[in-house]
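> sequence plus the predicted model coming up.
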Amino acid sequence: MKVLFLRGNPRPAGYTQRLADLFLRGLREAGATVTDVNLCSQNILPCLGCYHCWLVAPGQCVHPDAMDGLLEQVLDADVLVCATPIYYFSMSSSMKMFFERTFPLAKQGLVPSGRGLTRNSIRFPERWRGKKIITLITGALRDLEVYRPANETFQLIADNLDLELGGQLTRPEAYLLDYPLSKPKTLKRIETAFVQAGKEAGTTGRLSAKTMEEASLPLSPSTEHFRTYSNLYWTQAMTMGADGQVPALVQARVGSDVRILMREMARYLNPRAAARLRAVLQFDFPDEKLNFRLTIDRGQCTLEETTTERPDLRVSCQAGVWAQIFMRQLDVREALKDRRLTLEGDKSLFTRLDRLFPPPSA
Ligand SMILES: Cc1cc2nc3c(=O)[nH]c(=O)nc-3n(C[C@H](O)[C@H](O)[C@H](O)COP(=O)(O)O)c2cc1C
């Protein structure tokens, strides 16, 4: 299988690159012959809309640039793979510019398309026969709805160039791929899906429904959780100067922020350990001016950002101290001994916290 692998991500070490590399690994394992093209580093000028390629020199663009060679590679390939980040609900501008510049491959003469729409004729129809296109999109946002316009644009491009759409990979919440609290098992399934997609593309040119579904698995448990995480991400990144541009460094900070950790605690209450327990736990972090109430009611746990007059147990400490305790990086007895942590109320409850709240990603 001859594959033309088109990358439209301006960031050389971002999430699109990483996921596209996994896909590429799968392609190579399947024995495909791959031409790997970074569109952002090519000299590709914008289409002028002059119709020179139809009227003056049929099939020839007025710009003498990298597209000359790329159009020949399009004709030569069995499968086109297009990897792009989502920018303003669409593909990146370098990817879009590339498709605009495929105009010399089309020509006048409207015909019905595969979807029953109307498309232009294409030059060299025998060289398009059986050709497929596969897309890979990454984005920051969580809702799959956000990716629909970009995926539909690719579907229409496929229809217009008489290409078979072999499959579409969509990866929302891309930043959570570096998040220390993302579930390792889910991360593994996502990575495996991208390699598997490459293997499928390299053998049949088509992706299975299961592979596409696995590639889009949600990483955050809810929209509310995602928003909290995302807002903290940018709050932290803003304070980090140049380091704020390195997602993994920002993620490490976000992953130890008590606003996230308290949500993780509420989410991962051990229902068996709490089966017969009814209690209100108050956590106060005076350094961050943050107060949380955890209400446990027979296996269920709810979290509120508020204070409580008379909880069953009150835990007070600096936010960072609790983060270390919760992540099992600091021994709680040590923290109590040197009064980095203080307790009020039913201290027997405190001894049960270890069982009630297992560490995240355990
Ligand atoms: C100009 C610009 C526009 C963006 N628009 C969207 C968008 O519409 N939807 C979305 O989910 N993410 C959007 N993002 C976020 C990127 O898609 C996201 O960070 C992606 O992971 C970037 O890919 P990269 O890591 O390969 O650079 C935008 C980012 C930039 C810089």
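On my side now, so go ahead.
> tell me where the protein has strands.
2-7, 33-38, 79-85, 106-112, 118-122, 132-138, 164-171, 278-285, 290-297, 300-304, 313-317, 341-345 (DSSP state E).
> so is the second one next to the ligand?
No - judged by Cβ under 6 Å from any ligand atom, strand 33-38 and the ligand are separated, with a smallest distance of 12.0 Å. C-betas here are computed from N, CA, C, even on glycine.
> quick one: average pLDDT of that strand?
Averaged across strand 33-38, the pLDDT comes to 98.
> verify the stated contact: S113 with L161.
No - using Cβ atoms under 8 Å, S113 is not in contact with L161, being 9.6 Å away.
> what residues does this structure put near the ligand?
Checking the chain against the ligand by Cβ under 6 Å from any ligand atom, the hits are 9, 11, 14-17, 85-89, 138-141, 146, 174.
> cutoff 5 Å now
Remark: the part of the chain in contact with the ligand comprises 9, 11, 14-16, 85-89, 138-141, 174, using Cβ under 5 Å from any ligand atom.
> pull out the buried members of these.
Among the residues of the chain next to the ligand, those classed as buried by 16 or more other Cβ atoms under 10 Å are N9, G14, Y15, T16, P85, I86, Y87, T138, G139, A140, A174.
> mind listing what the closest residue to the fourth one other than its chain neighbours touches?
Think T16. Spatial nearest neighbour of T16, chain neighbours left out: N9 (3.7 Å); criterion: Cβ to Cβ, 6 or more residues apart in numbering. N9 makes contact with T16, Q17, A20, C40, A83, T84, P85, S92, T138 under the criterion Cβ atoms under 8 Å, 6 or more residues apart in numbering.
> and for the chain, the residue most distant from the center?
Computed with Cα atoms, centre = their mean, the residue of the chain farthest from its C-alpha average is V56, at 44.4 Å.
> in contact with the residue nearest to that one when sequence neighbours are not counted, which residues?
The shortest distance from V56 to any non-neighbouring residue, by Cβ to Cβ, 6+ apart, is to V62 (7.7 Å). V62 makes contacts with L48, C50, H52, C53, V56, as judged by Cβ under 8 Å, 6+ apart.
> who wins for neighbours among the residues you listed?
C53 (23 neighbours; other Cβ atoms under 10 Å).
> that one is in contact with Q60, isn't it?
Yes - the criterion here is Cβ under 8 Å, and C53 meets it with Q60 at 5.9 Å.
> common neighbours of these two, please.
Shared contacts of C53 and Q60 (Cβ under 8 Å, 6+ apart): P104.
> circling back to that earlier point, with pLDDT added, can I get the contacts of V62 in CSV?
Formatted as CSV, those follow (pLDDT from 0 to 100):
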residue, pLDDT
L48, 98
C50, 98
H52, 97
C53, 97
V56, 97
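> closest one of those to V74?
If you rank the contacts of V62 by distance to V74 using Cβ to Cβ, C53 comes first, at 14.1 Å.
> and the spatially closest residue to the closest one that is not a sequence neighbour, how close does it get to the ligand?
Among residues not flanking C53 along the chain, P104 sits closest, at 3.7 Å (Cβ to Cβ, 6+ apart). Relative to the ligand, P104 is positioned 29 Å away (Cβ to the nearest ligand atom, to the nearest Å).
> quick one: contacts for P104?
C53, G59, Q60, C61, L71, R123.
> redo the residues you listed as CSV? Include distance to K96.
Shown next, in CSV, are these (distance: Cβ to Cβ, whole Å):
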residue, distance to K96
C53, 18
G59, 21
Q60, 21
C61, 16
L71, 16
R123, 21
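> of those, which is the most crowded?
C53 (23 neighbours).
> okay, now the domains of this protein?
2-215, 256-356 (automatic domain parsing).
> can you pull the phi/psi pair for the residue nearest to V56?
Backbone torsions for V62, taken as degrees, to the nearest 10, come to phi -70, psi -20.
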